[in-house]
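Asker: Return a 3D structure for these sequence lines:
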Amino acid sequence: MKQAVVKHSDNLTALRLMAASMVLFGHAFVFLGLPEPMFMQWLPMGPLGVYIFFSISGYLVAQSWQRDPSVLRFLIRRVLRILPGLLVCTVLSVLVLGPLLTEVSQADYWKSPHTRGYFSNLYLYITYYLPGVFTHNRLPNAVNGSLWSLPVEFAMYLLIVLLGFARAPKWGVLAAALLFMALSAGWAFQATDMLVFYRTDMRQLVLCGVYFFVGASINQFKWDRFFNLTNVVLAVIVWLAMSRWMVVFIMASWVFLPFIILAFGTAKGSPLARVTPWDFSYGIYIYAFPIQQTIVYLFPKVDFFSYLGSTLLITVALAALSWHFVEKPALKLKPFRG
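Answerer: Okay, the predicted model is just below:
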């Protein structure tokens, strides 16, 4: 049996769109060699958008497992959300973007093992390199640097499954959140050397894991019952008051950011839910990086506002096509509990 795409009456879609746009906005500065804007002096705009994504994802994925704790159906739903859009984006990168922009000969491009190797992104073994593409950009040889977060996201799904097997979905997610906090504070937050497994920086897995499992804990322990205007305003005031101290502020964000984002995101009856009926966020996230690299490659002297406007327009257009013709049809194949 099949399940129709669920329409939400909350603000989560709008927040995901905001988060994807924050990543695009933060990267625009990086690609042009400008300092990336910082939230309250300490949190770069791009990573902040990613942390918002993971906070929302943890909340919703834990909810999905609780609603239907079938490993097979759970993983099928997760794969259908990630893979179809990624497949099309990867194919377009290899078959269209690469041949048009490569600085090596067409023969060398097509016979290179790196060209075929780019398809390893489809099983989340992330590679950023296509032969001769973006060789002289400020971020050289990176076709789609945003893909790093996809294996991290899928690792979170697998941890949810493991906790389900252990029959500890409730206390397990809280223990995972506390473990990731401890690892972040004691290692990932201050580590300068990468620890790589499956082409994934384990520091990023740990840092993102904090937000994911705090979001999951909010769902599992029903802490969303504390979502009201008074508590949200108080949380914002206390969190921002901590911005005088970098370490304190960032560690406080592990709890305050998911709480504030999810409190606003799950609010019902907001007009934002009506003006954002389509979830273009994933498409914006996976297409923004190659589009931004392409524009700065073709027009290296472009001014910031022309760059931001053009990349946003093209990215949203591709994201809309991805949603309507790839992602949404794929989501209709999601199995549900019979």
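Asker: Tell me, how many residues neighbour the nearest residue to residue 166 once chain neighbours are set aside?
Answerer: In space, residue 166 comes closest to residue 172 once its chain neighbours are excluded; the distance is 6.1 Å by CB to CB, 6 or more residues apart in numbering. Where you see a C-beta, it was placed from the backbone N, CA and C, and this is true even at glycine. Close neighbours of residue 172, defined as other CB atoms under 10 Å, add up to 21.
Asker: What does the pLDDT read for residue 172?
Answerer: Note for residue 172: predicted pLDDT of 92.
Asker: what helices or strands is the helix or strand encompassing it leaning on?
Answerer: Assigning secondary structure by DSSP states H and E places residue 172 in helix 169-183. Judged by 3 or more CB pairs under 8 Å, 6 or more residues apart in numbering; DSSP states H and E, the packing partners of helix 169-183 are helix 45-67, helix 149-165, helix 202-220.
Asker: what's the angle from the longest one to helix 149-165?
Answerer: So the one you mean is helix 45-67. Counting by axes from the mean of the first three to the mean of the last three CA atoms, to 10 degrees, helix 45-67 points 30 degrees away from the direction of helix 149-165.
Asker: Low-confidence stretches in this structure?
Answerer: The model of the chain has pLDDT under 70 over residues 1-9, 191, 269-275, 338.
Asker: tell me the residue furthest from the middle of it?
Answerer: What lies farthest from the middle of the chain is residue 107; by CA atoms, centre = their mean that is 35.0 Å.
Asker: elements contacting the one helix or strand it maps to?
Answerer: Residue 107 belongs to helix 106-111 when assigned by DSSP H and E. Using 3+ CB pairs under 8 Å, 6+ apart, the elements in contact with helix 106-111 are helix 98-101.
Asker: hmm, back to that, which residues sit against the helix holding residue 172?
Answerer: The contact list for helix 169-183, computed with CB atoms under 8 Å, 6 or more residues apart in numbering, reads 58, 62, 65-66, 69, 159-160, 163, 166, 168, 206-207, 209-210, 213-214, 216-217, 220-221, 251, 254.
Asker: which parts of stretch 133-153 are buried?
Answerer: For stretch 133-153, the neighbour count (16 or more other CB atoms under 10 Å) marks 133-134, 137, 139, 141-153 as buried.
Asker: swap in stretch 294-305?
Answerer: Buried positions in stretch 294-305, judged by neighbour count with 16+ other CB under 10 Å: 294, 295, 296, 297, 302.
Asker: what's the answer for stretch 61-69, then?
Answerer: Residues 61, 62, 64, 65, 69 are the ones in stretch 61-69 that count as buried (16+ other CB under 10 Å).
Asker: do stretch 181-199 as well
Answerer: Applying 16+ other CB under 10 Å to stretch 181-199 flags 181, 183, 184, 185, 188, 189 as buried.
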